[in-house]
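*Asks:* Task: produce atomic coordinates for the following.
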Amino acid sequence: LVQRPLETVIGGSVRRFLSAQDGAALRLLVRRAGRTGSKIQVALHAADGSTLPVQISLRRLERKGPHRAPVGLVVTDLTESRRAAHQAETARLDAQVGAHAAELERRVDERTAQLQSANRELESFQSSVSHDLRAPLRHVTGFSQILLDFPAAQLPDGARDYLLKIH
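*Replies:* A predicted model of the protein is given here:
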């Protein structure tokens, strides 16, 4: 395995590099192994404590005689394939995030346009109301000023106070 001489790995039991759980799963797979083969994905444990993701492919070998046929194992390093799968998934998620961001941006632009349109309508309404009220208010102010200009003696009590409030 990693950082071990090749001669210490070849021909030895792969179980010494497996966790107890992975070792038990491999033993079960070996018992059930047929001539068509089986596969399992496990992590091999290196001497330095690191792990290596691998796929163990196994199948019973041809053997004549009363003893059970041996099992041939091929161990394949999955590091690169997992890295490629991770990169593909990252690219897919990045594209998905980009699509969501573009959709949100489009919706924000659409809503901004709606709000700007509503603001223009409100400004137009305000201008119209302001213009429509200006003339009648000028008339009220003018008529109240005319009444205030009358001699005070001709106005009933309290009327001058009301006119000042109106004016």
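
*Asks:* what about the most centrally placed residue in the chain, which helix or strand?
*Replies:* Nearest to the geometric centre of the chain sits residue 97, at 6.3 Å (C-alpha atoms, centre = their mean). Residue 97 belongs to helix 79-149 when elements are defined using DSSP states H and E.

*Asks:* other SSEs contacting that helix?
*Replies:* Helix 79-149 is packed against strand 51-60, helix 159-166, with contacts defined by 3 or more C-beta pairs under 8 Å, 6 or more residues apart in numbering; DSSP states H and E. Where C-beta positions appear, they are placed from N, C-alpha and C, glycine not excepted.

*Asks:* Just name the most buried of these.
*Replies:* strand 51-60 (a mean of 17; mean count of other C-beta atoms under 10 Å).

*Asks:* Dump the helices and strands packed on helix 79-149 into a markdown table; add mean pLDDT and distance to residue 72 as well.
*Replies:* Converted to a markdown table, the helices and strands packed on helix 79-149 look like this (pLDDT from 0 to 100; distance: least, C-beta to C-beta, whole Å):
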| stretch | mean pLDDT | distance to residue 72 |
| --- | --- | --- |
| strand 51-60 | 83 | 6 |
| helix 159-166 | 84 | 108 |
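
*Asks:* For residue 130, which of the ones you listed is the nearest?
*Replies:* Closest approach to residue 130 among the helices and strands packed on helix 79-149 is made by helix 159-166 (20.0 Å; C-beta to C-beta).
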